[in-house]
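*Asks:* dropping the sequence and predicted coords here.
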Amino acid sequence: MGELSPLQTLGFALGTSFASGLNLYATVAAAGLFERFGVVHLPPTLHVLASPVIIGIALAMFVIEFIADKIPVVDSAWDAIHTFIRPPAAALIAYSSFGSVPDVWKIGAALLAGSVALTSHGAKASMRAAANTSPEPFSNWFLSTAEDVGAVGLSWLAATHPLLTAVIVVVLVVIATFIIWKLFGFFRRIFLRLRGPGQGPAPGPAP
């Protein structure tokens, strides 16, 4: 693939942003390895991702996340910490993707990418927290594996078919938003049950 057009670059940024919300380190490592071995060609400003140092750090962090993601409760704590890491990193990647275009467009793309990453991260974190309400570990393992595969697959698709990826990401964002909304209601019902029927608001003074 030659140099990406601005619209293709936006599709690439959106795809890697959604993938980063699922697993930032898998996304960075996959993009770097794809570029390094000629599987895809990233925008010139992102060739730094193919550096052995960046790939090595991303792979090391991926291994740590791979383990943490398989342990109930630990995975939710890891996700809570990465609320402050995944969206900003996705915004930085998007900003860097656009190279020499005017800053106003780069900043706009970064804000959009950060929002997309926050949405996918929110859906991921909500689903993992819901899975932790079940005593069996298999749902956690399945979700973790699906997230890793999804992050790598979406990174490849973003680099090879960015316009198609943009359409897919729009659909994924709608689905992720629906998941967050449904699981918010799920957690609210659990919270109300834990409070018990007698824990409602205190009655006002008698007339």
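*Replies:* That came in fine, so what should we check first?

*Asks:* show me the shaky parts of this structure.
*Replies:* Scanning the chain for pLDDT under 70 picks out the ranges 1-3, 191, 196-207.

*Asks:* so which elements touch the top helix by length along the chain?
*Replies:* In the chain, with assignment by DSSP state H, the single longest helix is helix 162-195. Here helix 162-195 touches helix 6-36, helix 103-131, helix 138-160, going by 3 or more CB pairs under 8 Å, 6 or more residues apart in numbering; DSSP states H and E. Where C-beta positions appear, they are placed from N, C-alpha and C, glycine not excepted.

*Asks:* save those as TSV, and put in mean neighbour count and distance to Phe62 too.
*Replies:* TSV is the format used below for these (neighbours: other CB atoms under 10 Å; distance: least, CB to CB, whole Å):
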stretch	mean neighbour count	distance to Phe62
helix 6-36	26	4
helix 103-131	20	15
helix 138-160	19	8
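
*Asks:* can I get those helices in TSV including distance to Ile93?
*Replies:* Formatted as TSV, the helices and strands packed on helix 162-195 follow (distance: least, CB to CB, whole Å):
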stretch	distance to Ile93
helix 6-36	6
helix 103-131	7
helix 138-160	10
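
*Asks:* between those, which gets nearest to Ile179?
*Replies:* Distance to Ile179, taken as CB to CB, is lowest for helix 103-131 among the helices and strands packed on helix 162-195, at 4.5 Å.

*Asks:* who's in contact with Ser115?
*Replies:* Contact analysis of Ser115 by CB atoms under 8 Å, 6 or more residues apart in numbering lists Pro87.

*Asks:* let's go with 10 Å and repeat that
*Replies:* Taking CB atoms under 10 Å, 6 or more residues apart in numbering as the criterion, Ser115 is in contact with Ser17, Gly21, Pro87, Ala90, Ala91, Val173.

*Asks:* quick one on the thing from earlier: just how off-centre is the longest helix of the chain within its chain?
*Replies:* Centre-to-centre, helix 162-195 and its host chain are 13 Å apart (CA atoms, centre = their mean, to the nearest Å).

*Asks:* what comes up buried for that helix?
*Replies:* Pro162, Thr165, Ala166, Ile168, Val169, Leu172, Val173, Ala176, Ile179, Ile180, Leu183 (16 or more other CB atoms under 10 Å).

*Asks:* could you measure from the last one over to Thr119?
*Replies:* Taking CB to CB, to the nearest Å as the criterion, Leu183 is separated from Thr119 by 13 Å.

*Asks:* ok, the second one next?
*Replies:* Per CB to CB, Thr165 is found 15 Å from Thr119.

*Asks:* quick check: the gap between Val74 and His41.
*Replies:* 37 Å.
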